[in-house]
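**Student:** curious how this folds, go ahead:
(2 chains)
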Number of protein chains: 2
Amino acid sequence: MNNFEYQNPVKIIFGKGEINKLGENIPEGAKILLTYGGGSIFKNGVYDQVKASVKGFDMIEFGGIEPNPHYETLMKAVEIVKNENITFLLSVGGGSVLDGTKFIAAAACFQKGDPWQILSRQSPVLDAVPIGAVLTLPATGSEMNGNAVVTRVETTEKLSFASQKVMPVFSILDPEVIFSLPDTQVANGIVDAFIHVIEQYLTYPVNSPIQDRFAESILTTLVEEGPKVMANRTDYEAAANFMWSATMALNGLIAVGVPQDWATHMIGHELTAYHGIDHARTLAIVLPGVMHINRVQKKDKILQLGKRVWGITEGNADERIDKTIQKTKEFFESVGIPTKLPDYGVSTDTIDKICTRFKKRGFKIGEKANLGPDEIRLILEDRL
Amino acid sequence: MNNFEYQNPVKIIFGKGEINKLGENIPEGAKILLTYGGGSIFKNGVYDQVKASVKGFDMIEFGGIEPNPHYETLMKAVEIVKNENITFLLSVGGGSVLDGTKFIAAAACFQKGDPWQILSRQSPVLDAVPIGAVLTLPATGSEMNGNAVVTRVETTEKLSFASQKVMPVFSILDPEVIFSLPDTQVANGIVDAFIHVIEQYLTYPVNSPIQDRFAESILTTLVEEGPKVMANRTDYEAAANFMWSATMALNGLIAVGVPQDWATHMIGHELTAYHGIDHARTLAIVLPGVMHINRVQKKDKILQLGKRVWGITEGNADERIDKTIQKTKEFFESVGIPTKLPDYGVSTDTIDKICTRFKKRGFKIGEKANLGPDEIRLILEDRL
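**Tutor:** Numbers count the residues shown, from 1 in each chain, chains lettered A, B, ... in the order given. The predicted structure is shown next:
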């Protein structure tokens, strides 16, 4: 195991009915900006629960944060935070609303020029407005980490930043929010969480049995509970197990002391930037290609995944690797997520554009920085 | 899964050579009280590493904190903290030194009478001196939680308290500290961590697959890595995996949303109080008795433990339960820890005293508060 540092102070408040604890967790006298997305919170009852709990606080509302939140939209909220002397950001929504809120929190306190530099140059976040979250969609794990991804429409760029300063002070996770979600969003959440684990697990062995087994625990639970949530949206226990899996998938714990990959995410982000494909779906497209091209480098871990999660023990190593990639694809497809580029109307033109962009950036990606434009082309061509 | 709240802000600094990060993690200008135990830190090089890293800080030293730290000793340190205006406590030692330091931290800030009430009446800890830890012995998990156990010699009482306020600000875990530990301490650590997991896992099912699998991950890793550490004290990888297992065993994560037991600990504490038996050894004695008397109530989880950790799949339920208890005992014995009372010279006299004490306390223990003096007698008689 490699040396590491780990600290995650986010307070998790988990379970049915827990949204009513919101008010008591916000600092007294706070002036709140409530951030939300497309307005589903008005239909599923979450907004009413939030309003009831924050009674007495001075609160302004800012809606319309998009899936893959737009820099342009978020900067409007930054203006409100500054002009209205907002002291607390309350994100009520899924990962996109929360990611956007993290950027708002950092940008509002950014003193050194254009806040876009937080994303484009990874300028350090020295301060941020405190954030509380009510999660309405289990998927990204944003509720228990300091990561955010933001899209700039003007330049079709999708970039990320990470800072302890934008970790939520608290996140309220009531699994009942799942009851009203459409199939597409639940499926996206299952696949997103699954691939978050994969990016921290499917690398090369460093003798880390706790981290490996925790990762396999989350994967196995998603494989078991995911279909239950798809089949019966009001199965509370399945919803709770799915929701906790998604949080544990990306709160940093399974990443301690082990290598990470994230190539699938970096390539997937480009598919969202160019075609607006849902984040999770881009990952489901790209991952099988990454597994295939890295089948030698990732051999040990792919075999371990095959054995411990998919129960694959028959055949030689190459056959077991093929079966493991196949089972992984089939899992995504079983929840209704296609894994080929043509399924989303994406052609070789886009592959050219993406490879050109990676060439321009000039750095390679992946756990051993071994994937440059040529390898990324092979990965994407594998998905045609 | 039950509703829960979870927050653990302890910063973990893990790996070889990391003690040199100590100084940069202590607040500038802090006046430090360094607390330690019997003096092994002077022999194994840890003290020198600590001293080199805290150069420039004003520091007083307080040694002699006992295994099962004594209230009487700790109160002397409380006087020093008050008289010398100490602003930071630096615990350099194992779980006993750290538990003792937590009590010092809370007692020094206790305003409402005798600090013993923190233990005897569970008086709330409203404030505490901040603590940093350098761990020299993986076992108790104290490095990543707010729990502490303290013994009062005068009354032969061993009591615990828990508060977020005494969680270490940071804990440095360098697995190399294990290299110089004697067999007895390593064996104690393995068994202690194992039974911490058991107390949070071996109860009754509440549909918590993530928590169950994480618990089984830690147990399986202890079963695999423990013997390696026993056989070769300088196997760094095994030491690291053991150390991380012990921390994960009791940082609250596997306890979220599930019932807990702790009967084994509560009975074990009495054996330490009356006979000074090492904490871990008291647990190894008591646990098989607790499993036996709760074999109906804990049936599902004992069978799950048997199958997933010990690989027991043959026989009817009763036979598998017996085998699971047997395998668990054998594991403790395999690292040199006997599991019967007579092995420690304890006779029926002590059983009488312990049962009288529980009778006087007037409450029952265990996951369903089903163990009173009569059941505790049966548990201990099973261990004769």
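**Student:** from the chain's centre, how far out does the helix or strand bottoming out on mean pLDDT in chain A sit?
**Tutor:** For chain A, the helix or strand with the lowest mean confidence is strand A:157-162, at a mean of 91 (criterion: mean pLDDT, DSSP states H and E). Distance, stretch centre to chain centre, for strand A:157-162: 12 Å (C-alpha atoms, centre = their mean, to the nearest Å).
**Student:** gap between the helix or strand following it and the chain center?
**Tutor:** For strand A:157-162, the succeeding helix or strand toward the C-terminus, using DSSP states H and E, is strand A:170-173. Mean-position distance between strand A:170-173 and its chain equals 16 Å (C-alpha atoms, centre = their mean).
**Student:** stretch A:270-280 too?
**Tutor:** 13 Å.
**Student:** what helix or strand is the closest residue to residue A:314 other than its chain neighbours located in?
**Tutor:** Closest residue to residue A:314 apart from its sequence neighbours, by C-beta to C-beta, 6 or more residues apart in numbering or on different chains: residue A:320 at 7.5 Å. The C-beta positions use only the backbone N, C-alpha and C, and glycine is treated the same way. Using DSSP H and E, residue A:320 falls within helix A:317-334.
**Student:** quick one: residue A:173 and residue A:17 touch, right?
**Tutor:** No. Using C-beta atoms under 8 Å, residue A:173 is not in contact with residue A:17, being 11.8 Å away.
**Student:** and these two? which has more neighbours close in?
**Tutor:** More crowded of residue A:173 and residue A:17, by other C-beta atoms under 10 Å in any protein chain shown: residue A:173, with 25 against 10.
**Student:** what is the burial count for residue A:86?
**Tutor:** Neighbour tally, residue A:86, other C-beta under 10 Å: 24.
**Student:** would you mind listing what in chain A touches chain B?
**Tutor:** Applying C-beta under 8 Å from any C-beta of the partner chain, we find that chain A lies next to chain B at A:1-18, A:207-210, A:213-214, A:216-218, A:220-221, A:224-225, A:237, A:240-241, A:244-245, A:248, A:253, A:256-257.
**Student:** hmm, who's touching the helix holding residue A:320?
**Tutor:** If you take C-beta atoms under 8 Å, 6 or more residues apart in numbering or on different chains as the criterion, helix A:317-334 is touched by A:191, A:194, A:223, A:227, A:284, A:287-288, A:291-292, A:295, A:299, A:302-303, A:305-307, A:310, A:312-315, A:339.
**Student:** buried ones in it?
**Tutor:** A:320, A:321, A:322, A:323, A:324, A:325, A:327, A:328, A:329, A:331, A:332 (16 or more other C-beta atoms under 10 Å in any protein chain shown).
**Student:** could you do stretch A:301-311 as well?
**Tutor:** A:301, A:302, A:303, A:304, A:305, A:306, A:308, A:309, A:310.
**Student:** returning to what we had before: only alpha carbons, please: show the helix holding residue A:320 as PDB.
**Tutor:** Provided in PDB are the C-alpha atoms of helix A:317-334 (Å, rounded to 0.1, in the frame of the first residue of the first chain):
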ATOM      1  CA  ALA A 317      -6.600 -15.500 -18.400                       C
ATOM      2  CA  ASP A 318      -7.400 -14.000 -21.800                       C
ATOM      3  CA  GLU A 319     -10.800 -15.700 -21.900                       C
ATOM      4  CA  ARG A 320     -11.600 -14.600 -18.300                       C
ATOM      5  CA  ILE A 321     -10.600 -11.000 -19.200                       C
ATOM      6  CA  ASP A 322     -13.000 -11.100 -22.200                       C
ATOM      7  CA  LYS A 323     -15.700 -12.500 -20.100                       C
ATOM      8  CA  THR A 324     -15.200  -9.800 -17.400                       C
ATOM      9  CA  ILE A 325     -15.400  -7.000 -20.000                       C
ATOM     10  CA  GLN A 326     -18.500  -8.700 -21.400                       C
ATOM     11  CA  LYS A 327     -20.200  -9.100 -18.000                       C
ATOM     12  CA  THR A 328     -19.500  -5.500 -17.200                       C
ATOM     13  CA  LYS A 329     -21.000  -4.300 -20.500                       C
ATOM     14  CA  GLU A 330     -24.000  -6.500 -20.000                       C
ATOM     15  CA  PHE A 331     -24.600  -5.100 -16.500                       C
ATOM     16  CA  PHE A 332     -24.800  -1.500 -17.900                       C
ATOM     17  CA  GLU A 333     -27.100  -2.700 -20.700                       C
ATOM     18  CA  SER A 334     -29.300  -4.600 -18.300                       C
END
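**Student:** and that helix, how far from the chain's centre?
**Tutor:** The chain centre lies 23 Å from the centre of helix A:317-334; the measure is C-alpha atoms, centre = their mean.
**Student:** now do it, average pLDDT.
**Tutor:** Here helix A:317-334 scores 98 as its mean pLDDT.
**Student:** summarise which helices and strands the helix or strand just after it is packed against.
**Tutor:** Using DSSP H and E, the helix or strand that follows helix A:317-334 in sequence is helix A:348-361. For helix A:348-361, the elements it packs on are helix A:263-275, helix A:373-381, judged by 3 or more C-beta pairs under 8 Å, 6 or more residues apart in numbering or on different chains; DSSP states H and E.
**Student:** which of those helices sits closest to residue B:100?
**Tutor:** Among the helices and strands packed on helix A:348-361, helix A:263-275 comes nearest to residue B:100, with 45.8 Å by C-beta to C-beta.
**Student:** report the inter-axis angle for the closest one versus strand A:157-162.
**Tutor:** 140 degrees (axes from the mean of the first three to the mean of the last three C-alpha atoms, to 10 degrees).
**Student:** show me what the lengthiest helix in chain A is packed against.
**Tutor:** Longest helix of chain A, by residue count under DSSP state H: helix A:209-231. Helices and strands touching helix A:209-231, by 3+ C-beta pairs under 8 Å, 6+ apart, are helix A:183-201, helix A:236-249, helix A:299-308, helix B:209-231, helix B:236-249.
**Student:** possible to save the ones you listed as a markdown table with distance to residue B:370 and mean pLDDT?
**Tutor:** Output for those, formatted as a markdown table (distance: least, C-beta to C-beta, whole Å; pLDDT from 0 to 100):
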| stretch | distance to residue B:370 | mean pLDDT |
| --- | --- | --- |
| helix A:183-201 | 38 | 98 |
| helix A:236-249 | 25 | 98 |
| helix A:299-308 | 36 | 98 |
| helix B:209-231 | 22 | 98 |
| helix B:236-249 | 25 | 98 |
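**Student:** can I get these in CSV including distance to residue A:122?
**Tutor:** Below are the helices and strands packed on helix A:209-231 laid out as CSV (distance: least, C-beta to C-beta, whole Å):
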stretch, distance to residue A:122
helix A:183-201, 19
helix A:236-249, 24
helix A:299-308, 28
helix B:209-231, 32
helix B:236-249, 29
